[in-house]
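Asks: Structural data only, the sequence is not supplied:
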């Protein structure tokens, strides 16, 4: 197919959605799960559905619009400021979540948005959010297995 990227439109849309969630979380100093819960299923669904449109806009403006629309409060969770190592970008973390959500959806027969909520509400999200730990750059299949088993595997 001429002009097709390496990934499907749905994968790119999920990648952008997860990256935007991380961007908003950094901006508001909230945990990712709090951003997801604050945005809610309808807004997350809209972000996912229109990700290609939002992606072509300035991410600062898009994030500000959603922060204001959802009335997301400023928090005190600053995993970027507390990081003692190289800080992963919101795009890096978006990729980690995208892979995990895709795997969870496939393994558990879930729609993408439902899998997104399940992943962000799991213990794995806390481990990914710890930029002083190493979990977020583990092998994607290992992260998925930990999520599926609901525990860190030895």
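Replies: That came through, no problem. Because the structure is predicted, anything quoted here is derived from the model rather than measured.

Asks: What lies in contact with the helix or strand containing residue 98?
Replies: In this assignment (DSSP states H and E), residue 98 forms part of helix 90-108. Under the contact criterion Cβ atoms under 8 Å, 6 or more residues apart in numbering, helix 90-108 has outside partners 11, 14-23, 26, 32, 110-112, 114-116, 118-120, 124, 128, 136-137, 140-141, 143-144, 147-148. The way it works is simple: take the backbone N, C-alpha and C, and place the C-beta from them, glycine included.

Asks: Now it: buried residues?
Replies: 90, 93-105 (16 or more other Cβ atoms under 10 Å).

Asks: just stretch 124-134 next, same as before
Replies: Those would be 124-125, 127-129, 131, for stretch 124-134 by 16+ other Cβ under 10 Å.

Asks: okay, how far is it across stretch 116-125, tip to tip?
Replies: One end of stretch 116-125 sits 11 Å from the other (Cα to Cα, to the nearest Å).

Asks: And the average pLDDT for that stretch is what?
Replies: Per-residue pLDDT values across stretch 116-125 average out to 98.

Asks: Please report how far the residue nearest to the spatial centre of the chain lies from residue 151.
Replies: The chain has residue 18 as the residue nearest its centroid, 3.0 Å off, counting by Cα atoms, centre = their mean. According to Cβ to Cβ, to the nearest Å, residue 18 and residue 151 sit 23 Å apart.

Asks: The closest residue to residue 142 other than its chain neighbours is in what secondary structure piece?
Replies: Leaving aside its sequence neighbours, residue 142 sits nearest to residue 153 (Cβ to Cβ, 6 or more residues apart in numbering; 7.1 Å). Residue 153 is located outside every helix and strand, with elements delineated by DSSP H and E.

Asks: Neighbours of residue 153, how many?
Replies: As a burial measure, residue 153 scores 9 neighbours (other Cβ atoms under 10 Å).
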